[in-house]
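In: Could you work out the structure for the sequence below:
(chains A, B and C)
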Amino acid sequence: MVQTLDLEPIIAKSQDASAGASKFCPGCGHGMVLKTLANTIDDLNLQQKTVFGCDIGCSLLAWNFMNVDSVQTHHGRTTPVIYGVTRALPGTIGIAYMGDGGGLAIGAQHLVNAAVRGENMLIVLVNNTNYGMTGGQMAPTTLPGQKTETTPYGRDCSVTGKPAKGAEMVASIADPEKAYVARSTVSNLRMLRKTFTKALKNVEQGGFSFVEVLSICPLNWRTNAVDTWDRLKTMEEFFTVKEFVSREGLE
Amino acid sequence: MTRTKIVLAGEGGQGVQSIAKILVEAGYEAGKEILYIPNFGVEQRGGVSIAFCQISDEKIGEPRYSKGDIVVMLSDRAIERCETYVDENSTVIYDSSVCTIVPDCKAKQIIPVEANRIANEELSARVFNIIVLGVILSATNVLKLEDIKNAMELALGKKFDAKPELRDLNYKALERGMNLIQKASV
Amino acid sequence: MVKKLITQDTRMFLTGNEVIAYAANAAEAEFMYGYPITPQNEIMHTWCKLLPKTEAGFLQTEDEISAGFSTLGGILVGKRAFTATAGPGNVIMQDAMSMAEMMRIPFVCAVMQRGGPSTATVIYAQQETTLTCFGGNGEGFRIVYSTAGHQDLFDYTIKAFNTAWKYKFPTFLLADGYQGKMREPVTLYDPASRGISMVPTEAIMRAPGLIDVDRKSNHIRNTYNLEEELMEELDKYKEEFERIAPEIEEYEEYKADDAEVLIIAHGIVARSAMTAVDDLRAKGVKAGLFRPITIRPLPVKPMREAVKRAKQVLFTESADGQLARMVLEKIYGLSTPYSTLYKMGVGVTGDDIVKKVEAMVKEPASV
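Out: So this is what the prediction gives:
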């Protein structure tokens, strides 16, 4: 006889339980990333000071996910909206949440400038190697040979160049004394939580943090559960999961 | 009026768009004027799936219309969303084995059919939407069974060739659906 | 040389976005630059799927700013290039469209309108009429075709390339998400079979011939030093734009000769208006439709004549009077009173228009 525990699921204070069922596709990675982020905000007791911005694309569905003040912006413009906030009201924990396009395509200009200027914020870039909400087009991070709506015969690197490595780029231009730059993955949520912890501690100390999270999109990848996790493992071989820029005092 | 306006609505995954496409394709192959437009929003999945179809002898004007001649509702959310397309000239068809509420609108007729139960108990859950297609075919009277079968071949022919039993199953589902509405007396 | 896929009349059952891609190929378009935004993505998807057969080119850029400017680049070296966008993408691309307007570059773009402003809906509206006609930081010396269905999408995509390359004003196909996503029958054809030949392209940069041997190097810019220099140039553009207008203007009238209530609508709303006109006539109401096909330049003379003949006018569109404002400016002086049926971001159905006209007949407008 299996004994079941009569427990309610624990939802972080910083996650909005009244938002109802989320609109992400079945199997989407966003839910895991957002929950982990909400838990970390709770761990560090930052709910009251946090402003959360999301981009266009699948990230826009996170507009009412967090129980913190949130703003859905235009495509690629989440970064400038959030550093606009943190410049005007220092002490705000600004989080800009976006996908491949918002960070590395249309938002690349803002990502580069925020990193170079050391804007006091955390940028979370969720990388699922495609543009999901618009129907699965190529993203800067689409893998070689990967089929998308705008690479229907597979991404040809001799034509489109190789996949963009966002964390490496940011690591090479950010100030090593004030930045925290890492890549993590939804295949290890405990590690992701530690990564977010260090990233947010860095923001509390006035620094610039960037965390790229490798995530999954079974809908546009057209993969079943097994193949989806397999694809994620392939991504982890291509996009190194590690801390690129860190320092003492962020644990 | 030579124009028939059909609204089909259900949960994503029930196969609403698939049968809407077969329906208009059948009209196209039969030489009719047709227009089909699905509803669409930001989310890729989830939400109510609605298809607005028109089959006419004359060129069709508007792509979206205020009221449907036939409004098919396959879930509670579909009923709530689509009552606005019903008026006193509409025939409403809803699946009473899926829906827990009954459409509450002033229509010409409101016909319950148990397509889902019949699919699960007699045929296969996967042909639920084809049964609904059979119901619509009887209700509209503007297409022939041959037209629908031709359109189905275009849409599903490859699958049928790989597994011929599927063709029989789908045809059975069509006929079962067609008989449902005669029973309910249009 | 690109390969044309349609060599004879072919009747197909497609979505509007697919039709545009096929039409661009029929027009021998050589390159498409683009960035994803709903509801025009399938133009790119279809273009990409056909690349092995058409041998045309494609680039997905990093955003709409680059899509617009890279399209200009392709055109400047003599390629028949085009792009497509919608909503916020249209807003962003105005930067490149302004450059095209100033430098008289034959920029061709399909605009699949969606709700606005900002992200609004990904679905449908007619709220980019003002933006597409006048969106840059200039006077709107642009040509805009408003389509009302798939045959228009095919015909006017081809025409847009010819209009742009002949007259050198940025030329737009103004459509919407409904047209892009709906399916209806269309006849695709080879323009040559209709006596249409494509206006040849010319390279401004990398033109044939050796520099300092056959030709001088070509320097182009969009900057002026003095106010008077600018005005002189723009006056020339204006004179030319007004002179060619009669060659470009297009419109459609439906039962407008003896119409007592004249409906003025464009794009897909004009189709609903036709449905309404038929219903109203059957009920004994003398309704008619004037549909401008070119929103820029508007067909002013026939429009004024149709308005003069009528007893009342009804402006109806899926926006807050964006077309109406442009028309009212041009029919200044006429005394026909008008009413409005504006539905921002929502489709106008035949029933909507019938009810409104019946109300207008009961209680005519006075202004």
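
In: On the three-state scheme, the residue in the stretch 1-150 of chain A that chain B sits nearest to is what?
Out: Nearest residue of the stretch 1-150 of chain A to chain B (C-beta to the nearest C-beta) works out as residue A:25 at 4.3 Å. (Each C-beta comes from the backbone N, C-alpha and C, glycine too.) At residue A:25 the chain is in coil, as set by DSSP: H, G, I helix; E, B strand; the rest coil.

In: Show me what from chain B comes close to chain A.
Out: B:42, B:43, B:44, B:45, B:46, B:47 (C-beta under 8 Å from any C-beta of the partner chain).

In: can you give me the helices for the chain?
Out: You didn't say which chain, so I picked chain A. Assigned by DSSP state H, the helices in chain A fall at A:30-43, A:78-88, A:100-104, A:108-117, A:157-160, A:166-173, A:189-204, A:218-221, A:225-238.

In: Let me rephrase: I mean chain C.
Out: Counting by DSSP H, the helices of chain C are C:16-26, C:41-54, C:64-76, C:87-103, C:129-134, C:150-167, C:177-181, C:227-248, C:268-282, C:300-309, C:322-330, C:350-362.

In: Need those in JSON lines (columns: mean pLDDT, mean neighbour count and distance to residue B:156).
Out: JSON lines is the format used below for the helices of chain C (pLDDT from 0 to 100; neighbours: other C-beta atoms under 10 Å in any protein chain shown; distance: least, C-beta to C-beta, whole Å):
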{"stretch": "helix C:16-26", "mean pLDDT": "98", "mean neighbour count": "27", "distance to residue B:156": "21"}
{"stretch": "helix C:41-54", "mean pLDDT": "98", "mean neighbour count": "21", "distance to residue B:156": "22"}
{"stretch": "helix C:64-76", "mean pLDDT": "96", "mean neighbour count": "22", "distance to residue B:156": "38"}
{"stretch": "helix C:87-103", "mean pLDDT": "97", "mean neighbour count": "22", "distance to residue B:156": "36"}
{"stretch": "helix C:129-134", "mean pLDDT": "98", "mean neighbour count": "22", "distance to residue B:156": "41"}
{"stretch": "helix C:150-167", "mean pLDDT": "98", "mean neighbour count": "23", "distance to residue B:156": "25"}
{"stretch": "helix C:177-181", "mean pLDDT": "97", "mean neighbour count": "28", "distance to residue B:156": "23"}
{"stretch": "helix C:227-248", "mean pLDDT": "97", "mean neighbour count": "13", "distance to residue B:156": "47"}
{"stretch": "helix C:268-282", "mean pLDDT": "96", "mean neighbour count": "24", "distance to residue B:156": "32"}
{"stretch": "helix C:300-309", "mean pLDDT": "98", "mean neighbour count": "17", "distance to residue B:156": "50"}
{"stretch": "helix C:322-330", "mean pLDDT": "98", "mean neighbour count": "18", "distance to residue B:156": "44"}
{"stretch": "helix C:350-362", "mean pLDDT": "97", "mean neighbour count": "19", "distance to residue B:156": "34"}
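
In: okay if I get those as JSON lines plus distance to residue A:114?
Out: Output for the helices of chain C, formatted as JSON lines (distance: least, C-beta to C-beta, whole Å):
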{"stretch": "helix C:16-26", "distance to residue A:114": "35"}
{"stretch": "helix C:41-54", "distance to residue A:114": "28"}
{"stretch": "helix C:64-76", "distance to residue A:114": "18"}
{"stretch": "helix C:87-103", "distance to residue A:114": "20"}
{"stretch": "helix C:129-134", "distance to residue A:114": "29"}
{"stretch": "helix C:150-167", "distance to residue A:114": "39"}
{"stretch": "helix C:177-181", "distance to residue A:114": "33"}
{"stretch": "helix C:227-248", "distance to residue A:114": "37"}
{"stretch": "helix C:268-282", "distance to residue A:114": "42"}
{"stretch": "helix C:300-309", "distance to residue A:114": "50"}
{"stretch": "helix C:322-330", "distance to residue A:114": "37"}
{"stretch": "helix C:350-362", "distance to residue A:114": "48"}
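
In: got the ones you listed as a markdown table, with distance to chain A columns?
Out: Converted to a markdown table, the helices of chain C look like this (distance: least, C-beta to the nearest C-beta, whole Å):
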| stretch | distance to chain A |
| --- | --- |
| helix C:16-26 | 11 |
| helix C:41-54 | 4 |
| helix C:64-76 | 8 |
| helix C:87-103 | 6 |
| helix C:129-134 | 15 |
| helix C:150-167 | 20 |
| helix C:177-181 | 11 |
| helix C:227-248 | 30 |
| helix C:268-282 | 22 |
| helix C:300-309 | 37 |
| helix C:322-330 | 22 |
| helix C:350-362 | 30 |
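
In: I'd like the average pLDDT over the helix or strand hosting residue B:72.
Out: Assigned by DSSP states H and E, residue B:72 belongs to strand B:70-73. Averaged across strand B:70-73, pLDDT comes to 97.

In: and the closest residue to residue C:313 other than its chain neighbours, how many neighbours?
Out: Residue nearest to residue C:313 in three dimensions, not counting chain neighbours: residue C:338, with 4.0 Å by C-beta to C-beta, 6 or more residues apart in numbering or on different chains. If you count neighbours by other C-beta atoms under 10 Å in any protein chain shown, residue C:338 ends up with 20.

In: my guess is residue C:338 meets residue C:316, correct?
Out: No. Under the criterion of C-beta atoms under 8 Å, residue C:338 is not in contact with residue C:316, lying 10.6 Å apart.

In: So which elements touch the longest helix seen in chain B?
Out: Longest helix of chain B, by residue count under DSSP H: helix B:164-184. For helix B:164-184, the contact count by 3 or more C-beta pairs under 8 Å, 6 or more residues apart in numbering or on different chains; DSSP states H and E identifies strand B:109-113, helix B:115-122, helix B:128-140, helix B:145-162 as packing neighbours.

In: what residue of chain A is the furthest out?
Out: Within chain A, the residue lying farthest from the chain centre (C-alpha atoms, centre = their mean) is residue A:1, at 42.0 Å.

In: hang on, the earlier thing: would you point to the one among the helices and strands packed on helix B:164-184 that's packed deepest?
Out: helix B:128-140 (a mean of 25; mean count of other C-beta atoms under 10 Å in any protein chain shown).
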